[in-house]
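Trainee: return a 3D structure for these sequence lines:
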Amino acid sequence: MNDQSQAPGILPCQAIDALIAQGAIASATPFDADQVQPASLDLRLGARVWRVRASFLPRLGRRVTDRIADVAMHELDLTAGAVLEMGCVYIAELQERLALPPGVAARANPKSSTGRVDVFVRLLTDHGATFDDVAEGYSGPIFMEIAPQTFSVLVRTGTRLNQLRLKRGEPPKLSLRSVGVDLTETIAGFRARRHAGVIDMDKEDGHDPRDFWEPLVPRHGELLLDPGEFYILASKEAVEIPVLQAAEMTPIDPSVGEFRVHYAGFFDPGFGTEEAAGKGSRGVLEVRSHETPFLLEDGQTVARLVYEPLTERPQRLYGEDGSHYQRQGLKLSKHFRPWG
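Mentor: Next comes the predicted model:
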């Protein structure tokens, strides 16, 4: 590696490929050709998932499998597929295993398509005291907590629900950008329907969106959010991630409103850039109101984008090999046919 690659930062795809080649990221099955993204790695479900009665953290000195034994209700075989029901909590084994070198840590986040159907997922590691964060030098298996909130979902071995971002050291925060909501379009968003059918998480363009969503028409540039409901909205501004940076969307301070952008999300280098033919792409926002109704106004800030540096330029940019979300505006997840 060159000197720049030793500086603190997010590891690009070629560095992730190198970690796989040296066994720092391993799998019992061959890696998929498209599994490594420009600055992240998709993680795949293994063969088993457990329905559990409560979420948990293993904490220091305890393994995830030990805690599963304490809270498991029953085990499901994913090799033929299984439905994970809304309102329930599951722990799944993942196919990947980590043996991170010194100085390298990681953080996980839901994939865009997972957040857009309101499936809450978090990564677990042995001895972990927090969700989603993988300690520097961690060696061991990784697991995922899955909690479908609005829709029941069909998953199977190999389904990808979250992704792992690897980092060297503590990358500096380069900039912080506010993200507002766009309520100017005739259809400004979608609200999830209650008691809808099952979503197959591996089936693209295979579901009629009208069976799962209802369109939202704003009044006077405002939208009333009902407590406990799940919404898909779009950012007011175009989002652009420079090729030497990556970004994470984070929730705003709850003191500015009784709502929350439900899922943080990774943005890979090249998203929304002219170089990757994505100029004008918007961020899609998954929003849930809290205990009281909240009147959301056009342009109101609902999230922040935190930009961090890569250790070196990635060999691939977001969208170069095709993407459902490059050049997007308001858009449902890839599981649904276009609205219309």
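Trainee: give the buried residues for the helix or strand harbouring Gly180.
Mentor: Using DSSP states H and E, Gly180 sits within strand 175-180. Neighbour counts over strand 175-180 (16 or more other Cβ atoms under 10 Å) mark Val179, Gly180 as buried. Placement of C-beta: from N, CA and C, glycine included.
Trainee: list the strands paired with that strand, with their directions.
Mentor: strand 301-309 (antiparallel) (DSSP bridges).
Trainee: center of this structure, which residue is that?
Mentor: Pro110 (2.1 Å; Cα atoms, centre = their mean).
Trainee: what is that one paired to in the beta sheet?
Mentor: Taking DSSP bridges as the rule, Pro110 bridges to Asn162.
Trainee: swap in Val52?
Mentor: Bridge pairing for Val52 - DSSP bridges - gives Ala72, Val89.
Trainee: list the residues that contact it.
Mentor: By Cβ atoms under 8 Å, 6 or more residues apart in numbering, the contact set of Val52 is Ile68, Val71, Ala72, Met73, Val89, Tyr90, Ile91.
Trainee: state the distance from it to Arg59.
Mentor: 16 Å (Cβ to Cβ, to the nearest Å).
Trainee: next one: Glu312
Mentor: 36 Å.
Trainee: picking up where we left off before, so which of the contacts of Val52 wins on neighbours?
Mentor: Most neighbours among the contacts of Val52, by other Cβ atoms under 10 Å: Ile91, with 23 neighbours.
Trainee: tell me the pLDDT of the nearest residue to that one once chain neighbours are set aside.
Mentor: Excluding its sequence neighbours, the residue lying closest to Ile91 (Cβ to Cβ, 6 or more residues apart in numbering) is Trp50, at 5.0 Å. Predicted confidence (pLDDT) at Trp50: the value is 98.
Trainee: swap in Ala99?
Mentor: pLDDT recorded at Ala99 is 98.
Trainee: from now on call the first residue 370
Mentor: Okay, using 370 as the starting number, the last item reads as Ala468.
Trainee: for the residue nearest to it when sequence neighbours are not counted, grab the count of nearby residues.
Mentor: Take Ala468 and drop its neighbours on the chain: the residue closest to it by Cβ to Cβ, 6+ apart is Ser508, 4.4 Å away. Using other Cβ under 10 Å, Ser508 has 13 neighbouring residues.
Trainee: please apply the same query to Ser650.
Mentor: Ser650: 26 surrounding residues under other Cβ under 10 Å.
Trainee: burial check on Pro470, number of neighbours?
Mentor: Using other Cβ under 10 Å: Pro470 sits among 12 other residues.
Trainee: give the full set of residues in contact with it.
Mentor: For Pro470, the contact set (Cβ under 8 Å, 6+ apart) comprises Leu388, Ala393, Gly506.
Trainee: about what we covered before: identify the residues contacting whatever helix or strand comes next after the strand holding Gly549?
Mentor: Tracing the chain C-terminally past strand 544-549 and defining elements by DSSP H and E, one meets strand 558-561 next. Contacts to strand 558-561, defined as Cβ under 8 Å, 6+ apart, come from residues 487, 519-520, 552, 578, 581-585, 592, 595, 598-603, 699, 701, 708.
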